[in-house]
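>>> structure, please.
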Amino acid sequence: MFTFQETEDGSLTLRITQADGASEAMHSLRGAFSETVYIYGTAMQTALDQGLDLRVLSMGLGLGYVEILAAALWLKGGKPGRLQGESFEIVPELRDYFQAWLRSEACPTDFQKTYDDVLVRTAKETGVSADLIQSALNAAVDKSDWKIREALEANTMFTEKFTVICFDAFSSKSTPDLWSEEFLNSFFLKACAPSCVLSTYACTGALKRALRNQEFTLTIREGFSSKRDSTFAVRHAVSN
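Below you'll find the model as predicted:
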């Protein structure tokens with residue numbers, strides 16, 4: 001069951017309730033949009049500032065906060081290279097509704113209003129036209145430059161290596177496999193470009209060990225709002 005919940009900055013998050021009654025919100029209740037800008041916007045802007053093409057892996061799609069912000073920052077940065085990415089999402093309705101909205105097709109009213117709100121907030125934050133943001137992201141998805149994929153699993157393969165990893169998986173309690181050191185080591189090896197920026201709201205021991213094992217330099221940032229710490233990691237390609 002889907003329930004929209006307003007967060008403290010006025011933006012909306014989605015709470016998913018399972019058949020067993022367990023529920024979890026997708027974002028911090030202190031601010032869904034603010035959290036996205038702080039955690040994931042910083043990573044994408046860092047990659048652009050370093051002259052990297054924006055190839056983003058988003059785990060996961062949710063309400064499209066990361067994807068919409070990526071398109072806006074790419075446009076704001078002068079459109080270096082192509083806008084590329086892959087977004088993983090286990091819930092089929094979230095994949096379908098978001099793509100329908102991008103194409104200006106019908107989707108449930110609550111989702112339509114939420115996507116529109118995310119777009120307006122992003123346009124205001126970045127100073128980029130909302131119409132241009134939606135058009136650029138729709139074009140990238142339509143050309144398969146940005147792929148909307150199903151659940152990320154241990155055997156998932158990638159056609160690209162990514163310059164930005166926005167690791168926004170649900171908590172280790174609800175998706176423990178995605179937070180194991182074994183999975184993370186394999187995932188970073190397969191998914192990360194030689195020069196890569198990773199950001200996540202989490203700061204677990206397994207995560208930090210896996211990043212260091214893949215030669216990332218870690219910065220432990222203050223977590224968003226009530227969270228104690230978050231992880232920001234950068235790896236630079238080694239010059240010959």
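
>>> list the helices and strands the helix or strand of the chain with the lowest mean pLDDT packs on?
The weakest-scoring helix or strand in the chain, judged by mean pLDDT, DSSP states H and E, is strand 23-25 (a mean of 81). Identification of packing neighbours for strand 23-25 by 3 or more CB pairs under 8 Å, 6 or more residues apart in numbering; DSSP states H and E yields strand 12-17. Using the backbone N, CA and C atoms, a C-beta is placed for each residue, glycine as well.

>>> any idea which residue sits dead centre in the protein?
Against the mean C-alpha coordinate of the chain, by CA atoms, centre = their mean, the closest residue is residue 58 at 3.6 Å.

>>> pull out the buried residues from the lengthiest strand in the chain.
If you go by DSSP state E, the chain has its longest strand at strand 192-200. Within strand 192-200, the residues scored as buried using 16 or more other CB atoms under 10 Å are 192-193, 195-200.

>>> can I get those residues in CSV with pLDDT and distance to residue 46?
As requested, the buried residues of strand 192-200 are arranged in CSV below (pLDDT from 0 to 100; distance: CB to CB, whole Å):
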residue, pLDDT, distance to residue 46
192, 97, 14
193, 97, 14
195, 97, 11
196, 98, 10
197, 98, 5
198, 97, 10
199, 96, 8
200, 92, 14
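
>>> can you tell me which of those is nearest residue 166?
Of all the buried residues of strand 192-200, residue 166 sits closest to residue 199, with 6.4 Å by CB to CB.

>>> got the contact list for the closest one?
Residue 199 makes contact with 39-40, 42-43, 165-167, 230-233, according to CB atoms under 8 Å, 6 or more residues apart in numbering.

>>> the helices in the protein, which residues?
In the chain, the segments counted as helices under DSSP state H are 32-36, 42-49, 65-76, 92-102, 109-126, 130-142, 181-191, 205-213.

>>> ok, which of those comes nearest residue 159?
Of all these, helix 181-191 sits nearest to residue 159, with 11.0 Å by CB to CB.
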